[in-house]
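J.: Take a look and give me a structure for this.
(one chain, ligands or ions: 1)
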Amino acid sequence: MVEPTKTKVAPADGKLGILIPGIGAVATTFIAGVELVKQGLAQPVGSLTQLATIRLGKRTDGKSPYIRDFVPLTKLNDLVFGGWDIYEDNAYQAASNARVLEQAQLDSVKGPLEAIQPMKAVFDHSYVRRIDGPNVKKGANKRDLAGQLMEDIRQFKQKNGCSRLAMIWCGSTEVYKKPAAVHQSLDAFEKGLETNDPEIAPSQIYAYAALQSGVPFANGAPNLTHDIPALLDLARDLNLPVCGKDFKTGQTFMKTLVAPGLKSRMLGVHGWFSTNILGNRDGEVLDDPDAFKTKEETKLSVLDQILQPDLYPDLYKNLFHSVRINYYPPRGDSKEGWDNIDIFGWLGYPMQIKIDFLCRDSILAAPIVLDLVLFLDLAHRAGLRGIQEWLSFYFKAPMTAPGLYPEHDIFIQLMKLKNRLRHLMGEELITHLGLEYYD
Ligand SMILES: NC(=O)c1ccc[n+]([C@@H]2O[C@H](COP(=O)([O-])OP(=O)(O)OC[C@H]3O[C@@H](n4cnc5c(N)ncnc54)[C@H](O)[C@@H]3O)[C@@H](O)[C@H]2O)c1
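T.: Sure thing, here's the model as predicted:
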C-alpha cells in the first residue's frame with residue numbers, strides 16, 4: 001500500500017518558455033491553438049490539463065476537481081514560445097504552409113505567430129534526407145553547435161523574462177539508428193561531440209543542450225534522441241524530468257484502444273494490416289525508407305506488447321502485423337488510416353473488423369504537446385527526475401527504465417497518470433477495488 005504523502009511542488013510563478021526544435025505542422029497548430037484559446041476564440045479539445053477532471057476519494061464523495069485546479073500548472077497566459085527550424089518562415093508563414101488550420105482562424109492570431117522567428121537549426125542532411133533549408137548553424141564541431149544552442153536557450157530565457165523552460169522535439173523524424181558506443185556514457189558522448197561522431201544525431205545535440213541548460217526535454221518523434229544512457233544519466237544527475245517517444249495519435253491511438261479490448265475478452269487475432277495515406281511534410285520525410293524504419297519500429301512493437309503472445313500463444317502467436325505509410329500529397333495533413341483486423345472467437349470462428357479513421361494528424365498532436373510541456377514543467381517543479389513513465393499515455397513508444405517493458409494499454413496509462421498526480425498531491429491512490437461500497 002502506498003501511503004499518501006504530499007510532495008513539495010514549487011509554485012508555477014512567472015513565465016514558462018516552450019522551446020521547440022521543428023516549427024512545422026504540429027508545432028504551429030499547437031502554438032496557434034494556445035493563442036486562440038487564450039483569446040477565447042476556440043476550445044482546447046483533446047487536452048487533459050485543460051478539460052479533464054480527476055476523482056478524489058470514494059465514488060460517493062462527489063469530489064472530481066479539474067486537473068488544472070488540483071495540481072499547480074502553468075496558466076496558458078504565462079506561456080511563451082520559441083524554436084528552431086531549417087526554414088526561415090516565421091510561425092505564421094509555417095502554419096499557413098502547413099494548411100492545418102483555416103486561414104481566417106490563423107489571421108486572428110497573426111501577430112503572436114509572426115513574432116516567432118525560428119532560430120538557426122542544427123541540421124544534418126544525412127539524418128533527414130528529403131528536406132533541406134537555409135536556416136542552419138555552422139560550427140567547428142558538434143560541441144560548438146551544442147554551445148550555440150545553449151546560448152540560444154540562455155538568450156531566449158533572458159529576452160522573454162522566463163522563470164522556467166521546457167523543450168519538446170517536434171522536428172522531422174530522423175533515420176533509424178541503434179544505440180552506438182558513443183551513446184553509452186556522458187564521457188563518450190562529449191568526446192563524440194568534439195570529434196564530430198557521425199552517430200550523434202541533431203536531435204541528440206538539442207537534447208544535450210537542453211539538459212545542460214537545466215531544461216526538461218520531451219521527444220515527439222520516434223528518433224532515438226535522449227533514449228540513450230549518456231543523456232538519461234545526465235538528466236538524472238541534473239534532476240531533470242524527460243519523456244518520449246513519438247506522439248500517440250491517429251492509427252496507433254486507435255490500436256491501443258482496440259487491442260486491449262480484444263485481449264481483455266480473450267479474443268484471438270490472426271492478422272492486423274494497417275495502411276495510411278498522408279500528404280504533409282511529415283509524410284514526405286517518412287517516404288524515405290530509413291526514416292520510415294524509425295516509425296515502423298515504434299508502430300510494430302505496440303501490438304506485441306499489448307497482446308503478449310508469449311503468455312497467450314493460442315491467441316496471438318501467429319499474428320501477422322503489417323504497417324504502411326504512403327505519401328499522398330492531395331490529402332495534406334488530413335490523413336486516412338485503414339485497419340483490417342482478422343480476429344477469431346469461440347472455437348476459432350473468424351471475424352473481421354475494419355476501421356477507417358479520417359483524422360487530422362496535427363489536430364490530434366497539438367493537445368498532446370500542450371499537456372506534455374505543462375506536465376513536464378510540473379514534474380520539474382516537483383523535483384521528479386529521469387524518465388517520467390506516467391506520461392506514457394501520450395506516446396507510441398513510451399520510454400522506460402532499462403529492462404522494463406513499456407505499458408501500452410491506454411486505460412492503464414491513464415490510471416497511472418492520474419495516480420501519479422494523486423500521489424504528488426498526497427491523495428489516496430484509486431485502485432478500483434471498490435470493496436468499501438459493499439461492507
Ligand atoms: N502529427 C502527428 O500526429 C504526429 C504523431 C507522432 C509523431 N509526430 C512527429 O512529430 C514530428 C513533427 O511532425 P509535423 O507534422 O509537424 O512535421 P513537419 O514536417 O510539418 O515539421 C517538422 C519540422 O521540423 C523541421 N526540422 C527538421 N529537422 C530539424 C532540425 N534538425 N532542427 C530544427 N528543425 C528541424 C522541418 O524543417 C519541419 O519544419 C515528426 O517527427 C512526426 O513524425 C507527429
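J.: Name the residues of the stretch 101-250 of the chain found near the ligand, please.
T.: 121-123, 128, 131, 133, 170-173, 202, 220-221, 246-247, 249-250 (Cβ under 6 Å from any ligand atom). C-beta here means a position set from N, CA and C on the backbone, and glycine is covered the same way.
J.: Determine how far stretch 13-29 lies from the middle of the whole chain.
T.: Computed by Cα atoms, centre = their mean, to the nearest Å, the separation of stretch 13-29 from the middle of its chain amounts to 13 Å.
J.: cool, and stretch 195-206?
T.: In terms of Cα atoms, centre = their mean, the centre of stretch 195-206 is found 21 Å from the chain centre.
J.: Over to stretch 5-16?
T.: Centroid displacement of stretch 5-16 relative to its chain, using Cα atoms, centre = their mean, is 22 Å.
J.: ok, now stretch 105-113?
T.: 25 Å.
J.: Show me the contact partners of it.
T.: For stretch 105-113, contacts defined as Cβ atoms under 8 Å, 6 or more residues apart in numbering pick out 28, 31-32, 35-36, 39, 41-42, 90-92, 95-96.
J.: Tell me the one among the residues you listed nearest to the ligand.
T.: Nearest to the ligand among the contacts of stretch 105-113: Thr28, at 7.7 Å, using Cβ to the nearest ligand atom.
J.: Once you drop chain neighbours, what's closest to that closest one?
T.: Excluding the flanking residues, the one nearest Thr28 by Cβ to Cβ, 6 or more residues apart in numbering is Ala95, at 3.6 Å.
J.: Quick check: phi and psi at Phe217.
T.: phi -130, psi 140 (degrees, to the nearest 10).
J.: which SSE is the spatially closest residue to it that is not a sequence neighbour in?
T.: Of all residues not flanking Phe217 in the chain, Ala210 sits nearest, at 4.5 Å (Cβ to Cβ, 6+ apart). Secondary structure from DSSP states H and E places Ala210 in helix 202-212.
J.: cool, Arg236 as well?
T.: Applying DSSP H and E as the criterion places Arg236 in helix 229-237.
J.: All the helices of the stretch 51-200 of the chain, residue numbers only.
T.: When assigned using DSSP state H, counting those that start in this stretch, the helices of the stretch 51-200 of the chain occupy the ranges 67-70, 91-98, 103-107, 110-114, 142-159, 186-194.
J.: most packed of those helices?
T.: Highest mean neighbour count among the helices of the stretch 51-200 of the chain (mean count of other Cβ atoms under 10 Å): helix 91-98, with a mean of 22.
J.: Quick one: list the elements packing against that helix.
T.: Other elements packing on helix 91-98 under the criterion 3 or more Cβ pairs under 8 Å, 6 or more residues apart in numbering; DSSP states H and E are helix 25-38, helix 103-107, helix 110-114.
J.: between the ones you listed, which one is nearest to Leu404?
T.: helix 25-38 (28.1 Å; Cβ to Cβ).
J.: Please work out how many residues are found near Pro402.
T.: Neighbourhood size, Pro402 [other Cβ atoms under 10 Å]: 7.
J.: So what does it have for phi and psi?
T.: According to degrees, to the nearest 10, Pro402 has phi -60, psi 140.
J.: Equivalent analysis for the one 5 residues further on, please.
T.: Backbone geometry at Glu407, expressed as degrees, to the nearest 10, gives phi -90, psi 120.
J.: and it, what pLDDT?
T.: What the model reports as pLDDT for Glu407 is 91.
J.: who touches it in this structure?
T.: Contacts of Glu407 (Cβ under 8 Å, 6+ apart): 389, 392, 398, 413, 416.
J.: Please tell me how far it sits from Ser47.
T.: Note on Glu407: its distance to Ser47, by Cβ to Cβ, to the nearest Å, is 22 Å.
J.: Run the chain-centre distance for stretch 309-319.
T.: The chain centroid and the centroid of stretch 309-319 are separated by 30 Å, computed with Cα atoms, centre = their mean.
J.: swap that for stretch 316-324, sorry
T.: 25 Å.
J.: just stretch 416-431 next, same as before
T.: The answer for stretch 416-431 is 22 Å, by Cα atoms, centre = their mean.
J.: Please export the C-alpha coordinates of that stretch as PDB.
T.: C-alpha atoms of stretch 416-431 as PDB (Å, rounded to 0.1, in the frame of the first residue of the first chain):
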ATOM      1  CA  LYS A 416      -1.000   5.600 -14.000                       C
ATOM      2  CA  LEU A 417      -1.100   9.300 -15.000                       C
ATOM      3  CA  LYS A 418      -3.900  10.200 -12.600                       C
ATOM      4  CA  ASN A 419      -2.500   8.100  -9.700                       C
ATOM      5  CA  ARG A 420       0.800   9.900 -10.200                       C
ATOM      6  CA  LEU A 421      -1.000  13.200  -9.800                       C
ATOM      7  CA  ARG A 422      -2.800  12.000  -6.700                       C
ATOM      8  CA  HIS A 423       0.400  10.700  -5.200                       C
ATOM      9  CA  LEU A 424       2.100  14.000  -5.900                       C
ATOM     10  CA  MET A 425      -0.600  15.900  -4.000                       C
ATOM     11  CA  GLY A 426      -0.800  13.400  -1.100                       C
ATOM     12  CA  GLU A 427      -4.200  12.000  -2.000                       C
ATOM     13  CA  GLU A 428      -5.100   8.300  -1.700                       C
ATOM     14  CA  LEU A 429      -4.500   6.300  -4.900                       C
ATOM     15  CA  ILE A 430      -7.500   4.800  -6.600                       C
ATOM     16  CA  THR A 431      -7.200   1.100  -7.100                       C
END
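J.: which residues touch it?
T.: Outside stretch 416-431, the residues touching it (Cβ under 8 Å, 6+ apart) are 2, 4-7, 9, 48, 54-57, 67, 70-71, 378, 382, 389-393, 407, 415.
J.: Which among those residues count as buried?
T.: 9, 48, 54, 56, 67, 70-71, 378, 382, 389-393, 407, 415 (16 or more other Cβ atoms under 10 Å).
J.: Also near the ligand: which of those, exactly?
T.: Among the buried ones among the contacts of stretch 416-431, proximity to the ligand is found for none (Cβ under 6 Å from any ligand atom).
J.: Greatest separation within the residues you listed: which pair is it?
T.: Val9 and Glu407 (24.5 Å).
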